[in-house]
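**Student:** Please work out how this folds:
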Amino acid sequence: MESFSLYCSAKLKLGLIDGSVSKPVGNTVHVAMWTRCNDMVVSLLLNSISIEIRNSVAYLSTAKQIWDDIAVRFAQTNMPRTFQLRKELASLQQENFSITCYFTKFKTLVAEIDNLAQFLSLFM
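**Tutor:** This next block holds a predicted model:
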């Protein structure tokens, strides 16, 4: 999901999934532009998820609704992973590893925990 956020940011469409760009009111050219952009992001989202998930979000009409639905699903499954990583970090010991290997393992665990925390914070 992080790479999707980066892609949307690069294409100036991140506001459609984070909710900072909402549908304009009225019947203006802005509504048509927003609809076109929303449809593009919805299409990207639907084409990047499994058929099972796609079928369950097909009734949602905005990119933000789909993004939030997917986030709730995966945030719940990432919490046990976060706990597992924190436990692994707490019990990490140098033992027979070189300092380079130990430090690399340490930094990898910290980075993965940070990435999961950032992901979870997007949706909570």
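
**Student:** quick one: Val29 from Leu6, how far?
**Tutor:** 29 Å (C-beta to C-beta, to the nearest Å). (Glycine included, C-beta is placed from N, CA and C.)

**Student:** Please say which of these two ends up with more neighbours.
**Tutor:** Between Val29 and Leu6, Leu6 has the larger neighbour count (other C-beta atoms under 10 Å), namely 11 against 8.

**Student:** what comes up buried for the one helix or strand the more buried one maps to?
**Tutor:** Per DSSP states H and E, Leu6 falls inside helix 2-10. For helix 2-10, the neighbour count (16 or more other C-beta atoms under 10 Å) marks 4-5, 8 as buried.

**Student:** Give the single residue among the residues you listed positioned nearest to Glu95.
**Tutor:** Nearest to Glu95 among these: Ser5, at 37.4 Å, using C-beta to C-beta.

**Student:** nearest spatial neighbour of the closest one, skipping sequence neighbours?
**Tutor:** Counting by C-beta to C-beta, 6 or more residues apart in numbering, Ser5 lies nearest to Leu14, which is 6.5 Å off, once chain neighbours are set aside.

**Student:** Having no further points to raise, I will conclude here.
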